[in-house]
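Sequence and predicted model, in that order:
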2 protein chains.
Amino acid sequence: MNKLIDFRTEPAAYRHWKLEFDGPVAHLIMDVDANAGLFDGYELKLNSYDLGVDIELYDAVQRLRFEHPEVGAVIFRSGKENVFCAGANIRMLGKAAHGHKVNFCKFTNETRLSIEDATENSGQTYLCAIRGTAAGGGYELAVTAAHIMLIDDRKSSVSLPELPLLAVLPGTGGLTRVTDKRKVRRDLADVFCTTEEGVRGKRAVQWRLVDEVIPPSAWTEKVASRALEFAEKSDRPRDATGISLHRLEREITETAVAYRHVRVELERDKRRATITIAGPADPVPASADAAQALGANFWPLAMARELDDAILHLRLNEPELGLLVFRTEGDGNAVLAHDDFLAAHQTHWLMREITHYLKRTLKRVDVTSRSIVALIEPGSCFAGTLAELAFAADRAVMFAGKRTGDNRAAAAIMLGAANFGAYPMGNGLTRLQTRFLGEPETLAKAETHKAEPLDAEASAELGLVTATFDETDWNDEIRIMLEERASFSPDSLTGLEANLRFAGPETMETRIFGRLTAWQNWIFQRPNAVGEDGALKRYGSGQQPVYDRNRV
Amino acid sequence: MNKLIDFRTEPAAYRHWKLEFDGPVAHLIMDVDANAGLFDGYELKLNSYDLGVDIELYDAVQRLRFEHPEVGAVIFRSGKENVFCAGANIRMLGKAAHGHKVNFCKFTNETRLSIEDATENSGQTYLCAIRGTAAGGGYELAVTAAHIMLIDDRKSSVSLPELPLLAVLPGTGGLTRVTDKRKVRRDLADVFCTTEEGVRGKRAVQWRLVDEVIPPSAWTEKVASRALEFAEKSDRPRDATGISLHRLEREITETAVAYRHVRVELERDKRRATITIAGPADPVPASADAAQALGANFWPLAMARELDDAILHLRLNEPELGLLVFRTEGDGNAVLAHDDFLAAHQTHWLMREITHYLKRTLKRVDVTSRSIVALIEPGSCFAGTLAELAFAADRAVMFAGKRTGDNRAAAAIMLGAANFGAYPMGNGLTRLQTRFLGEPETLAKAETHKAEPLDAEASAELGLVTATFDETDWNDEIRIMLEERASFSPDSLTGLEANLRFAGPETMETRIFGRLTAWQNWIFQRPNAVGEDGALKRYGSGQQPVYDRNRV
């Protein structure tokens, strides 16, 4: 599985999903092409999915938000007669490398959370209309919807059969959404998750697994009217026109991935990628309409799309680059001006979308299992939104003073309103709130310094950076730090970062990435699941799996 | 490593710890006997520890609470000159089976939480006086204390070198206490956890890693005076006399472990253990003093000690028994009477201790990675405290009606005040609150039925049991359920249960068992740590570990 995985797609190229529009209601129809798997060696039968199916889903969810301001409700449904969705493809899981499985699940989780984000923050509510079986990942997808409807035809059902069938977990949010979102009673959840055939009809409502069951005679009409109800509550502008998310341009070479505002340098011998983000080159538009006219070329959106793609590309295609170094270049005031512009126009649907997309992209950075270092140097623009990258980093190191022969001013961090609320992490707190959990007074103090250029001394004093070095020490200190980081065991760094990055409160989101994912990763290593005689390998072979019976 | 592990010990038998008493202050002195490891093949140098050291620590913490009401503060310190504690023994970890490592860490975590429980709920505050290095598990132990003092002698330090040295995590609470309890800034925590040599002197205070540093000249005096300060704030009765925790009597045979109130039947072919708990045979004592006169024979305490020992025995010595079946026998009213007695005398130090011990024992059940089923049958006494076992179970199944030829009344659950507050789980909620997260009205309704015998129909109606069967179906249904459970992959059950048992809020405690432990378990499987060329195996060999550089 080492062909290049490309996250860029568009509806005309979809193999697995169809989008249909009916005024304020969109239909997102899953109709997986069994022969169009991302890799060879498996068929995507029964609407089962692999990463390729999820890449299209992610694209569709993004386009619904940006290209369809008129859509207030989205119905998930199946394009096949007897199955809603059979979940992740088992033969694919059985063959995939551990790292691919984990990153596939992570991306799936992020997409599912973005569906909930659209419902919660963007006036675009997802419903799920289940006809046929929704099994495993199929039910995990359904449960991202705000409202689940199940046809009462004596055969359609919901189930999480991963444990009895495959000896793994409903690990892409399933268990967490059953307990935290649907609040299913724990002993019923236990029965549900250990019963292959699942639950159907009224019992599915009684157990809180779905919101309503509908007789077949009323199905089509009821699904349509329910979707309209949700759409009518939406605050999205019905008469607005969307923007087009054009295909991202990028150039990939052996040593770099270059976009317009984002450039990734790959140093494989040093096991690191340096991501340099250019600040805005243009002034802020005159109005929200002028910004909309720029469409996907408007700097905050263009930058977010490029950074999003770069992170995904590195995760799936460059697994040995364990260290991401963030750099920025440009004018901090221009970044803050764009932040302020977005903040001032949050009543405009597109500006709101862009802000939430920036939020989601920064969250994608947070859960990326690579060590992250921000280098804050002369010429950089770690201000407002871009300063979040320094606060997302495991360490941020700042250059004190100027470089000999460099006319540019000393590096400065600039805080803006965006650092104090616009971009909550998965734990519901801002990165600065999380950073200063033990010192709320330092947080309050930082807020009094908004829009000031904070040099190395001031930034260190305010606790915004990990260390500062002047020209005498910078090169050696940075080299040693990056070399040392790259020398550690990748697995232990993954575990360390997953624990240190999310202090403070837990949410459904942090529980999915922290608790559920960690257990699934553990199980994905265990011979009972992935060994030659394990359940994932033996599924469908007619042979029963053989289990080591020791409990740990 | 398959000799019988016995959790019973007493101070006269300690090899690794010393207890000294100075009025209201106790000294708990770690002085590990390098040649007294629990297994062969390693030396416990530098106050490093294995499960045997922790068994003594657990015993000491328990005895301090029950045998020493006069002690208001406990000082952790080292009996060796240049080292406080070097953490878990690395050669032991390198040789131990996965299951032993995981259960060792779990028990260590429980003991550390019990230290914090003593500080928080029992007026017995732990301080830590660090002279020498507190490395890895040594610092993880220190950070359980409410107050950490570090001598400023230019060599004593605190460190978490697991990641750089061993490619594993500070996985017994270290990372979580650094972020959640000490609230260390995340980038400083990152530096701290990747720096072998650790932090000393004033920086350790600035980084929030310790509470104060003390010059050597003032060390002894300052430690003593600080401990006295904490002891003086204690509400424990200085003039009371403790009770003696006599050695638990038990008889182990091939098929059973028998205590006085608790009997464990082992059915290895069915992979299950049935734990039957007998309710109180005696009426409640006339007064708290009369209860104290019964000492460790007072039913609630005697039962808790036996259940505690039984669970630990099963975890470490019977790893293939994946299913625990809880049964009870006796009079539910007698259980409720004992609950009410304890509740009425919470101002008595010993009654308070017993209640907290019951709480901790029930928590030990919660985090035991075995499937748990409660069978509620005629003659049982699932009432109050013992009903908590049914709510701790993954499933509770109830017999409806009477058995032919059995004169005993139909089974009944009885709720009492103890079910509504006395025994919070690790998530801070009661088991019933957690159970009814989605239906708070059901919780309120249950509370109106306290002290009523609730038969199968009423219990099902109130959502207290998973299923009910009458005599016609009981035997077959139970047999099928237990056989099916025992047929599933143990690992996936462990992951499932770890997710379903702790819905609702997260606390430092749930994060330790859910998030940190899961990541550590994952890393404990990875070749980078435990492979032949991994860091745990190669440590001390002079050979560098070889890492697979792929990030997952």
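Done, it's in. Computed from a prediction, not measured in an experiment: that's the story for all the values here. Numbers count the residues shown, from 1 in each chain, chains lettered A, B, ... in the order given.

and A:Q520, how many neighbours?
28 (other C-beta atoms under 10 Å in any protein chain shown). Glycine gets a C-beta too; all of them are placed from N, C-alpha and C.

just A:S156 next, same as before
23.

mind checking pLDDT for it?
Predicted confidence (pLDDT) for A:S156: 98.

Give the helix, strand or coil label for the closest residue in space to A:T368 that isn't next to it in sequence.
Nearest in space to A:T368, with sequence neighbours left out and distances taken as C-beta to C-beta, 6 or more residues apart in numbering or on different chains, is A:I311 at 5.8 Å. Secondary structure for A:I311, judged by DSSP: H, G, I helix; E, B strand; the rest coil, is helix.

tell me the strands in the stretch 101-250 of chain A, going along the chain?
Here the stretch 101-250 of chain A has its strands, by DSSP state E, counting those that start in this stretch, at A:125-130, A:133-135, A:147-151, A:157-159, A:212-214.

what's the second one packed up against?
Same thing as strand A:133-135. strand A:83-85, strand A:157-159 (3 or more C-beta pairs under 8 Å, 6 or more residues apart in numbering or on different chains; DSSP states H and E).

and if you look at the third one?
For strand A:147-151, the packing partners by 3+ C-beta pairs under 8 Å, 6+ apart come out as strand A:125-130, strand A:157-159, strand A:212-214, helix A:219-232.

Also the first one?
When contacts are defined as 3+ C-beta pairs under 8 Å, 6+ apart, strand A:125-130 packs onto strand A:73-78, helix A:98-121, helix A:137-142, strand A:147-151, helix A:219-232.

Now render those as a markdown table, adding mean pLDDT and mean neighbour count.
Putting the helices and strands packed on strand A:125-130 into a markdown table (pLDDT from 0 to 100; neighbours: other C-beta atoms under 10 Å in any protein chain shown) gives the following:
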| stretch | mean pLDDT | mean neighbour count |
| --- | --- | --- |
| strand A:73-78 | 98 | 24 |
| helix A:98-121 | 96 | 21 |
| helix A:137-142 | 98 | 28 |
| strand A:147-151 | 98 | 24 |
| helix A:219-232 | 98 | 17 |
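
Could you give the number of residues near the residue of the stretch 301-450 of chain A found nearest chain B?
Nearest residue of the stretch 301-450 of chain A to chain B: A:G438, at 2.7 Å (C-beta to the nearest C-beta). Residue neighbour count, defined by other C-beta under 10 Å, stands at 15 for A:G438.

check contacts around the most centrally placed residue in chain A.
Central residue of chain A (C-alpha atoms, centre = their mean): A:E110, 3.0 Å from the mean position. Residues in contact with A:E110, defined by C-beta atoms under 8 Å, 6 or more residues apart in numbering or on different chains, are A:Y58, A:R360, A:K363, A:R364, A:V367.

The fourth one belongs to a helix, doesn't it?
Which is A:R364. Yes. Counting by three-state DSSP, A:R364 is found in a helix.

ok, and for stretch A:491-507, which residues are buried?
By neighbour count on 16 or more other C-beta atoms under 10 Å in any protein chain shown, the buried set for stretch A:491-507 is A:491-504, A:506-507.

so how far is the first residue of it from its last?
24 Å (C-alpha to C-alpha, to the nearest Å).

and it, does that touch chain B?
Yes. If you take C-beta under 8 Å from any C-beta of the partner chain as the test, stretch A:491-507 does meet chain B, through A:491-501, A:503-506.

B:V397: which of the helices and strands packed on strand A:125-130 is closest?
Among those, helix A:137-142 comes nearest to B:V397, with 25.2 Å by C-beta to C-beta.

Just give me how far that closest one sits from the chain centre.
Distance of helix A:137-142 from the chain centroid (C-alpha atoms, centre = their mean, to the nearest Å) equals 17 Å.

What lies in contact with it?
With C-beta under 8 Å, 6+ apart as the criterion, helix A:137-142 contacts A:47-49, A:76, A:83-88, A:108, A:112, A:128, A:130, A:134, A:148, A:158-160, A:170, A:172-174, A:177, A:198, A:209-210.

hmm, back to that, for the residue nearest to A:T368, the count of nearby residues, please.
22.

pretty sure it contacts A:K363?
No. Assessed by C-beta atoms under 8 Å, A:I311 is found out of contact with A:K363, at 10.6 Å.

can you give me the strands for the stretch 301-450 of chain A?
A:323-329, A:371-376, A:395-400.

Now those in CSV, please, with extra columns for distance to chain B.
As requested, these are arranged in CSV below (distance: least, C-beta to the nearest C-beta, whole Å):
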stretch, distance to chain B
strand A:323-329, 9
strand A:371-376, 9
strand A:395-400, 5
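
So which of those strands is nearest A:G384?
Here strand A:323-329 is closest among the strands of the stretch 301-450 of chain A (C-beta to C-beta), at 11.0 Å.

List the buried residues in the closest one.
Buried-residue list, strand A:323-329, by 16+ other C-beta under 10 Å: A:L323, A:L324, A:V325, A:F326, A:R327, A:T328.
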